[in-house]
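Novice: Here is my input, please return the structure:
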Amino acid sequence: MLNRIFPESTNDQYRGHVLAIWLFIPIVLMKIAISLLHIFSVDGGAQSVSTIPLDRYSVDAAQNIIALFSRMGLDQLLLGLIFLAILVRYRAMLPLGYAVVLLGYLFGKGVAMLKPTITAGESGASTPAMILLVISVAGFLLSLVGRGIQNN
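Specialist: Now for the predicted structure:
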């Protein structure tokens with residue numbers, strides 16, 4: 001299993017189930033779309049998506065939160081572009097891509113438990129996050145099984 005997650009060669013010789021490739025597409029698209037929302041949205045998605053009550057904070061504090069959300073969007077964009085490279089060129093790395101998604105979700109939940117965010121309501125991102133989690137678990141498992149395709 002570790003050889004599938006950390007392949008010796010980072011080429012397009014993917015050996016998992018072909019469905020895992022298709023399941024990775026919405027993850028890549030969502031990661032890039034969410035990153036662009038954080039970068040280009042006026043509030044960085046902090047209030048409009050995450051329901052952080054920016055209007056209750058001073059202008060400086062609200063601006064700092066928006067700036068942090070925008071920088072988080074840049075990190076997500078870079079990760080999304082790496083995922084796109086995995087999808088298009090380095091498919092042997094697909095299990096590692098799924099592992100990164102799953103670890104990011106789990107560690108994010110852990111950090112949120114240690115340092116919770118005070119919001120005005122439930123985040124609009126919770127339902128898409130759950131859908132992506134289910135897709136990621138299925139894709140990860142599928143990427144580890146079978147001989148699948150070798151060259152694309």
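Novice: Give the residue spans of this structure that score low on pLDDT.
Specialist: Along the chain, the model assigns pLDDT under 70 to residues 147-152.
Novice: need the helices for the protein, in chain order.
Specialist: Using DSSP state H, the helices of the chain run over 2-5, 18-40, 59-88, 94-114, 126-144.
Novice: Next, format those as JSON lines and append distance to N11 and mean neighbour count.
Specialist: In short, each C-beta sits where N, CA and C put it, glycine included. JSON lines is the format used below for those (distance: least, CB to CB, whole Å; neighbours: other CB atoms under 10 Å):
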{"stretch": "helix 2-5", "distance to N11": "14", "mean neighbour count": "12"}
{"stretch": "helix 18-40", "distance to N11": "15", "mean neighbour count": "18"}
{"stretch": "helix 59-88", "distance to N11": "11", "mean neighbour count": "16"}
{"stretch": "helix 94-114", "distance to N11": "12", "mean neighbour count": "16"}
{"stretch": "helix 126-144", "distance to N11": "15", "mean neighbour count": "17"}
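Novice: Just put these in a markdown table and tack on distance to Q47.
Specialist: Converted to a markdown table, these look like this (distance: least, CB to CB, whole Å):
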| stretch | distance to Q47 |
| --- | --- |
| helix 2-5 | 38 |
| helix 18-40 | 12 |
| helix 59-88 | 8 |
| helix 94-114 | 18 |
| helix 126-144 | 16 |
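Novice: Which one of the ones you listed lies nearest to P53?
Specialist: helix 59-88 (9.3 Å; CB to CB).
Novice: From G73, how far out is the closest residue to L74 other than its chain neighbours?
Specialist: The shortest distance from L74 to any non-neighbouring residue, by CB to CB, 6 or more residues apart in numbering, is to I39 (6.3 Å). In this view, I39 and G73 are 4 Å apart by CB to CB, to the nearest Å.
Novice: which one of the helices of the chain lies closest to T51?
Specialist: Once those are compared by CB to CB, helix 126-144 is nearest, at 10.3 Å.
Novice: Tell me which residue of this protein is furthest from the middle?
Specialist: S58 (30.7 Å; CA atoms, centre = their mean).
Novice: residues contacting it?
Specialist: Not one residue lies near S58 by CB atoms under 8 Å, 6 or more residues apart in numbering.
Novice: quick one: contacts for G121?
Specialist: G121 sits next to T51 when contact means CB under 8 Å, 6+ apart.
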